[in-house]
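# heads up, no residue letters with this:
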């Protein structure tokens with residue numbers, strides 16, 4: 001989403017000007033909105049509708065700001081009248097307002113007090129029940145990932161001994177060790193006024209969704225080195241909109257922290273950092289960890305602009321500018337005494353969607369494709385698959401194809417029912433996660449398969465060409481090298497059969513041909529990939545597919 005590079009306030013210092021207003025994006029400047037005529041009101045409502053479309057249901061209005069970015073400010077009476085007009089505009093569109101922040105400007109005369117305000121306008125798009133974002137949580141083992149998610153979703157602080165994280169664990173050995181080995185999902189909601197809705201006060205999922213206009217799905221990933229493949233699968237398979245890198249204040253950047261950060265950057269996932277356990281350290285230790293983070297983020301591998309979030313204004317500035325890929329907000333929080341947790345919640349509330357309205361509409365109009373991440377067998381229902389819809393829409397009664405099988409074939413299935421966030425629904429569209437009932441398919445269903453439209457005429461491949469970059473390798477990578485490939489929800493060992501160079505090493509690029517060892521897969525040209533083998537790690541992009549001739553036709557069930 002296009003957005004100006006700065007907002008009205010930057011920390012404790014007041015900015016005299018903002019960048020000039022741009023036509024694209026969801027940020028609108030208004031000097032004042034006092035008693036507009038009916039024709040002017042119609043124009044303003046149309047303008048607000050456009051900004052909401054650009055922000056997928058969210059728009060930010062800067063009141064008291066000229067189109068060229070000058071902060072002029074309004075008197076108290078003018079500000080009150082302008083906010084009343086803005087409220088009338090929102091009511092016409094079925095939208096709601098919440099004041100993000102309001103500040104007074106310095107004035108030469110003490111009697112003329114002028115102020116500026118930043119307003120969040122939110123309206124759930126007509127084709128959505130709520131605004132939906134996915135947030136992946138990364139970080140080293142024992143950094144506090146599950147604990148912070150437990151605090152956010154349960155609404156209760158931790159006792160310092162891991163009580164908050166217990167509700168997120170899925171297996172007994174996770175409870176016993178305190179370490180996550182699987183991928184778990186939880187949600188947190190915000191209503192139009194920015195109020196948090198979570199599982200506190202014994203709320204159910206239905207109540208959270210019913211009362212929220214914005215839902216953030218929190219994906220808790222593994223931190224231990226031996227579960228690295230699960231973490232990479234969570235990043236590639238679940239297609240998160242954002243990533244939260246959790247760093248412990250008393251240990252700093254250790255273990256898999258830098259690896260997780262590198263994977264998120266390689267996949268182009270916007271990332272912010274949360275430093276936890278600040279209550280257990282002295283101020284000097286926290287400052288040492290923050291400086292270490294800033295050096296890493298500014299380094300040649302990241303090239304980010306770190307932004308410490310120390311006030312509510314900083315949180316709003318960080319959220320509205322997070323569309324700028326260079327910004328990397330840093331929060332320093334405590335899950336025991338709640339220090340700075342409200343800044344993180346404010347940031348999540350204001351955080352805008354990654355896709356613009358036009359980009360979203362474009363992928364919704366494409367033919368259906370859902371990548372399968374989870375598989376369930378339910379008595380009386382049959383097979384249920386869960387995953388992320390990459391393109392198009394899925395509704396009850398749709399006739400789709402599932403595959404590829406071990407032979408590279410696709411089989412017809414019919415959608416029986418749909419669920420999103422554990423609730424039934426009739427339609428799910430691109431960018432959303434859903435569970436789909438498909439009855440009893442004629443093939444063995446596994447992770448890595450896809451549900452696609454028959455009009456797509458899907459074809460599987462055993463070999464593909466990719467432009468790769470080696471992040472690290474001890475010696476040289478040559479023909480015959482075997483590695484584990486991650487492309488979307490596909491995870492399989494492949495061997496290099498051809499190379500544009502005789503051999504490549506760390507920081508080298510090459511065009512290579514990979515061949516899957518076990519079975520054919522369905523992948524697309526342009527997909528990003530990660531590969532790993534021991535300490536060897538690399539990234540790349542699929543540039544060409546070599547199709548299987550046997551998969552050119554869809555297979556009917558054998559009798």
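Received, thanks. Since this is a predicted model, take the numbers as computed values, not measurements. Numbering: from 1, shown residues only.
# show me the contacts for residue 381.
Counting by Cβ atoms under 8 Å, 6 or more residues apart in numbering, residue 381 touches 416-417, 437. C-beta here means a position set from N, CA and C on the backbone, and glycine is covered the same way.
# among those, which are in strands?
Cross-referencing the contacts of residue 381 against strands under DSSP state E gives residue 437.
# out of the contacts of residue 381, which are buried?
Applying 16 or more other Cβ atoms under 10 Å to the contacts of residue 381, the neighbour count classes 416, 437 as buried.
# would JSON lines of the contacts of residue 381 with pLDDT and distance to residue 239 be doable?
JSON lines is the format used below for those (pLDDT from 0 to 100; distance: Cβ to Cβ, whole Å):
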{"residue": "416", "pLDDT": "92", "distance to residue 239": "24"}
{"residue": "417", "pLDDT": "92", "distance to residue 239": "23"}
{"residue": "437", "pLDDT": "95", "distance to residue 239": "22"}
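# Include distance to residue 128 when you put the contacts of residue 381 into a markdown table, please.
Shown next, in a markdown table, are the contacts of residue 381 (distance: Cβ to Cβ, whole Å):
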| residue | distance to residue 128 |
| --- | --- |
| 416 | 23 |
| 417 | 19 |
| 437 | 22 |
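# nearest to residue 350, of the contacts of residue 381?
residue 417 (34.9 Å; Cβ to Cβ).
# Contact partners for that closest one?
Contacts of residue 417 by Cβ under 8 Å, 6+ apart are 381, 396, 424, 436-437.
# let's see 10 Å
Going by Cβ atoms under 10 Å, 6 or more residues apart in numbering, residue 417 touches 381, 384, 396-397, 424-426, 435-438.
# Same check on residue 28?
Contacts of residue 28 by Cβ under 10 Å, 6+ apart are 21, 44, 47-48, 50-51, 54, 59-63, 65, 67, 119, 121.
# now residue 208
130, 153, 187-189, 196-199, 215, 421.
# Quick check: residue 497 vs residue 525, distance?
18 Å (Cβ to Cβ, to the nearest Å).
# Oh, that last question was meant for residue 547, not what I typed.
11 Å.
# Now the common contact residues for those two.
With Cβ under 10 Å, 6+ apart as the test, residue 547 and residue 525 both reach residue 464.
# Select from the contacts of residue 417 the one having the most neighbours.
Neighbour counts for the contacts of residue 417 (other Cβ atoms under 10 Å) peak at residue 436, which has 25 neighbours.
# what about residue 509, how many residues close to it?
Residue 509 has 13 nearby residues by other Cβ under 10 Å.
# what does the model give residue 450 for pLDDT?
Looking at residue 450, its pLDDT stands at 95.
# got the contact list for the nearest residue to residue 237 once chain neighbours are set aside?
Nearest residue to residue 237 in three dimensions, chain neighbours excluded: residue 489, at 3.9 Å (Cβ to Cβ, 6 or more residues apart in numbering). For residue 489, the contact set (Cβ under 10 Å, 6+ apart) comprises 233, 236-239, 370-374, 387-388, 390, 447-450, 521-523.
# hmm, back to that, higher neighbour count, residue 547 and residue 525?
residue 547 (16 against 12).
# how about the strands of the stretch 1-150 of the chain, start to end?
Using DSSP state E, counting those that start in this stretch, the strands of the stretch 1-150 of the chain run over 9-10, 13-14, 27-30, 58-63, 96-104, 115-122, 131-139.
# Contacts only, for residue 52.
26, 58-59, 90, 93, 95, 121-125, 357.
# do the same with residue 303
Neighbouring residues of residue 303 by Cβ under 10 Å, 6+ apart: 265, 297, 325-326, 328.
# cool, residue 45 as well?
Counting by Cβ under 10 Å, 6+ apart, residue 45 has contacts 88-93.
# Next one: it relative to residue 122, how far apart?
16 Å.
# wait, is residue 219 part of a helix?
No - assessed with DSSP: H, G, I helix; E, B strand; the rest coil, residue 219 is strand; it does not lie in a helix.
# Filter the contacts of residue 45 down to the ones in helices?
88-93 (DSSP state H).
# before we move on, back to that, closest to residue 502 out of the contacts of residue 381?
residue 437 (51.5 Å).
# mind listing what the nearest residue to that closest one once chain neighbours are set aside touches?
Excluding the flanking residues, the one nearest residue 437 by Cβ to Cβ, 6+ apart is residue 416, at 3.8 Å. With contacts defined as Cβ under 10 Å, 6+ apart, residue 416 is in contact with 381-384, 396-398, 436-439.
# and the residues you listed as JSON lines, adding distance to residue 408 and secondary structure?
As requested, these are exported to JSON lines (distance: Cβ to Cβ, whole Å; DSSP: H, G, I helix; E, B strand; the rest coil):
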{"residue": "381", "distance to residue 408": "28", "secondary structure": "coil"}
{"residue": "382", "distance to residue 408": "24", "secondary structure": "strand"}
{"residue": "383", "distance to residue 408": "20", "secondary structure": "strand"}
{"residue": "384", "distance to residue 408": "24", "secondary structure": "strand"}
{"residue": "396", "distance to residue 408": "29", "secondary structure": "coil"}
{"residue": "397", "distance to residue 408": "27", "secondary structure": "coil"}
{"residue": "398", "distance to residue 408": "23", "secondary structure": "coil"}
{"residue": "436", "distance to residue 408": "22", "secondary structure": "strand"}
{"residue": "437", "distance to residue 408": "25", "secondary structure": "strand"}
{"residue": "438", "distance to residue 408": "19", "secondary structure": "coil"}
{"residue": "439", "distance to residue 408": "22", "secondary structure": "coil"}
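# just those now: which is nearest residue 226?
Closest to residue 226, out of all of the contacts of residue 416 and judged by Cβ to Cβ, is residue 384, at 29.3 Å.
# Surely that closest one is in contact with residue 451?
No - counting by Cβ atoms under 10 Å, residue 384 sits too far from residue 451 to count as a contact (11.7 Å).
# got any residues that touch both of these two?
Jointly contacting residue 384 and residue 451 under the rule Cβ under 10 Å, 6+ apart are 436, 438, 445.
# circling back: between the ones in helices among the contacts of residue 45, which is nearest residue 350?
Using Cβ to Cβ, the ones in helices among the contacts of residue 45 come closest to residue 350 at residue 90, 16.7 Å.
# Show the pLDDT at that closest one.
Confidence score, pLDDT, at residue 90: 92.
# Which of the contacts of residue 303 are buried? Put it as a ChimeraX command.
Those of the contacts of residue 303 that count as buried under 16+ other Cβ under 10 Å are selected in ChimeraX with:
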select :265,297,328
